[in-house]
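[1] sequence plus predicted model, see below.
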Amino acid sequence: MTRTFGRAILAGASLAALAALAAIVACGGGGGGSGSANLPGSTSYANATFTIAVPSASTTSSTQRKAAFISPGAQSISITVTGQSTATTTTTAGATTVANLTSTSPNCSAATASAPLTCTVSLNSPVGNDTFAVSLYSGLNGAGTLLGTSTVAATIGGSGVTNVPVAIGGVVASIDVTVTGGNGLIPGGYPTSVPVVVSAKDPSGATIVGSAPYSNPITLTNADTSGITTLSTTTVTSPATVVTLSYVPTDANTGVLNVSGLPFGETSIGASASGVAPSAVSAGTFQYNSDRFFGLGHTRSFSGTGSVTTITYNGTGVPSPNPSAWSYTIAETLTLHGNQTFNGVSVLQSHFVTTYTQTSPVTAVPPEVDTADLFRGATLTASGTNVYRYGEQESDVNSGVASSPITGNAAGTSTINYSYPTPGAWKEDQLPHTNGAAWTNNDVPYTVAYAGAQVSTFQELADGSTSFTETSPGTLSQTQTAAGAATNVNNGFTTTIGLPSGGTIPVAEQTTSPCCGATSNFTPTDWYPGGGAPAQPLYSSIFSETSVPIPAQCNVPSSVATTAYAVVQINSQLDIAAFRNRQIIDDDYFVPGGVGFVCEVVVATTSDYRFGTGIILSQTTVDTVVGVPNTTALGLLRRL
């Protein structure tokens, strides 16, 4: 009995002493960096150690990106044992240990050139599965502004020291949102997803990094509520949260951003968090480039005129005094379609329907119709976007005029398919438009297939050589090397053309089917532009863009625009096998800011030469111009 009573007395004394010790720690343990916590029902304790590395204020967020966040502004830390769990019970209670985090604190090692200020905080914690509440403050002894909090779980061993890793969730005081690539580089109408970078700072101005949850999570908002742009998530729980903004233009939603109070084509990504003032939030911006874009699924109307003039020359090169001439009125519509695919490439489709009505010399001729679908892709670069042509499908309906200079040389319907098989090869435009830009498409392989009244294929190969084969209405094969030597096989009659020498071009003609007739040799005058050897490459396209007044011939009203960017394409095509030279000058006028394409002026000149002499045989000039006649014809989804 005595021994049992003695035990009871001793046990009572131990509990009283522990309670007193806990009270002392709770009241005055702030400066020492160590303490103990007494949970009801706990009888066994061990040492738990927290190591805190405080970066200097000059440490960049990228340097600290991979580390757990500790605010450079932290001056003290508090740690509280908030609970202990066993297999059968959970208890909560706990005293708080407060430690200062300065270079003069006894528990800290001053920063060096290779290591940050490092502090160690130790406390006696109940053995078992413990939870700790950790808080960082901007002042000493747990005073000042709360900079970060965290709840840490750790298993405290029965012997030795348990090192408890700490990941602090910063208190968000300010927010900066940036939409990567959202500064007008993405062209309107092309679907894309771009990163949204959300950067938060704590009350000391330190950028919060790491993966620990923010003490006050961030909520994002999108000013665009149409569904054309969407966020992958609107809740940002930590710096590690990944957010993207998707721009999903379709014919159904038009792809046009016209958010009230914002510039055309723009949406704003805002942010908020508990305790953060609106003035401490910097919103992000997504704006697509609208230089060419006016809306998917909408139709724009054009009107204009065209003329075709053919001058013939006699054997000495004297032009006929009576050239043949045709005049036309032109009505055209353009509709943009998104989410299309051409040769496996995601593209935007420009659908043109053009009607030519002859006004002279004969006015009773039925109209001719040309339908063309152009397929364009876009590639984002560091400075903007390149627009590439990937293909074209064209259908020409000549309703009875066998000599039509517009839609072909035979009555009926013919189709033409252009294919540019090399991705990103045929550059057609670059955005945003800038004065003085220029580029050249040379030696770009492409194929043109004709079907209908004419069945043939043209190919330009990567080395600049070309080939043309026709199976109907005749049998024709024309090839030419990149240097300019050529062969023309026409219904069994072969013409071989060599490189020029001494101002003449060696030409040999022979009947080869049936084989073999006598060879006739000719030395026509060198008719190549500029004389001498053919210019390289034989086929080229030179582009340039300049801000200019819209020409009066476009008939675009001043209420639409008075200036535009003219994207000028000069195509030079030297067909040596056919003794033909062709030049096409195509001026397209674009009004930035969501208006887009308003006018096109095309002048195409084809000159044919005689095989035997090199003297010009005929020259045909096709001149067309179409423009938007009024604001209604624009089909705009915005106000001018």
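    Yep, it's here. Numbering: from 1, shown residues only.
[2] tell me what the longest strand belonging to the chain is packed against?
    Longest strand in the chain, counting residues (DSSP state E): strand 324-342. Contacts defined by 3 or more Cβ pairs under 8 Å, 6 or more residues apart in numbering; DSSP states H and E place strand 324-342 against strand 299-312, strand 345-360, strand 616-627. (Glycine included, C-beta is placed from N, CA and C.)
[3] for it, which strands pair with it and how are they oriented?
    Strand pairing for strand 324-342, using DSSP bridges, gives strand 299-312 (antiparallel), strand 345-360 (antiparallel).
[4] and the angle for the first one with strand 616-627?
    In other words, strand 299-312. Put simply, strand 299-312 runs at 160 degrees to strand 616-627, going by axes from the mean of the first three to the mean of the last three Cα atoms, to 10 degrees.
[5] and strand 299-312, what's buried?
    For strand 299-312, the buried set under the neighbour-count rule, 16 or more other Cβ atoms under 10 Å, comprises 300-304, 306-312.
[6] ok, now which ones touch the residue lying closest to Gly158 once chain neighbours are set aside?
    Counting by Cβ to Cβ, 6 or more residues apart in numbering, the nearest residue to Gly158 once its immediate chain neighbours are dropped is Val127, at 4.9 Å. By Cβ atoms under 8 Å, 6 or more residues apart in numbering, the contact list for Val127 reads 42, 44-46, 156-158.
[7] could I get these as CSV with neighbour count and distance to Val242?
    Formatted as CSV, those follow (neighbours: other Cβ atoms under 10 Å; distance: Cβ to Cβ, whole Å):
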residue, neighbour count, distance to Val242
Ser42, 19, 42
Ser44, 9, 44
Tyr45, 18, 42
Ala46, 17, 39
Ile156, 22, 35
Gly157, 13, 37
Gly158, 10, 41
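[8] okay, and which of those map to strands?
    Using DSSP E, those in strands are 45-46, 156.
[9] ok, so of those, who is nearest Thr363?
    Minimum distance to Thr363 across those is 100.2 Å, recorded for Ile156 (Cβ to Cβ).
[10] show me where this structure has helices.
    Here the chain has its helices, by DSSP state H, at 2-28, 61-64.
[11] least confident of those, on average?
    Comparing mean pLDDT across the helices of the chain, the weakest is helix 2-28, with a mean of 35.
[12] count the neighbours of Gly295 for me.
    Each residue near Gly295 was counted by other Cβ atoms under 10 Å, and the total is 27.
[13] do you know how far it is from Phe597?
    Separation of Gly295 from Phe597 (Cβ to Cβ, to the nearest Å): 12 Å.
[14] Asp251 too?
    Going from Asp251 to Phe597 by Cβ to Cβ gives 18 Å.
[15] equivalent analysis for Ala508, please.
    Ala508 is 48 Å from Phe597, by Cβ to Cβ.
[16] of the two, which one has the most company?
    Taking neighbours as other Cβ under 10 Å, Ala508 and Phe597 compare with Phe597 leading, 22 against 14.
[17] picking up where we left off before, of the contacts of Val127, which pair is most distant in space?
    Ser42 and Gly157 (14.7 Å).
[18] quick one, what contacts Val626?
    Here Val626 is in contact with 302-304, 330, 332, 354, 554, 599-600 (Cβ under 8 Å, 6+ apart).
[19] try 7 Å
    When contacts are counted by Cβ atoms under 7 Å, 6 or more residues apart in numbering, Val626 touches 302-304, 330, 332, 599-600.
[20] of the ones in strands among the contacts of Val127, closest to Ser260?
    Ile156 (58.1 Å).
[21] that closest one and Phe132 touch, don't they?
    No. With contact defined as Cβ atoms under 7 Å, Ile156 does not count as touching Phe132 (10.0 Å).
[22] export stretch 420-432 to CSV, keeping only CA atoms.
    Listed next in CSV are the C-alpha coordinates belonging to stretch 420-432 (Å, rounded to 0.1, in the frame of the first residue of the first chain):
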residue,chain,number,x,y,z
TYR,A,420,1.4,23.5,-101.1
PRO,A,421,2.6,20.2,-99.4
THR,A,422,5.4,21.7,-97.4
PRO,A,423,3.9,23.0,-94.1
GLY,A,424,4.6,26.7,-93.6
ALA,A,425,6.2,27.1,-97.0
TRP,A,426,4.1,29.6,-98.9
LYS,A,427,4.1,32.7,-96.7
GLU,A,428,1.2,35.0,-97.7
ASP,A,429,1.1,37.6,-94.9
GLN,A,430,2.6,38.6,-91.6
LEU,A,431,0.9,40.1,-88.6
PRO,A,432,0.8,42.7,-87.2
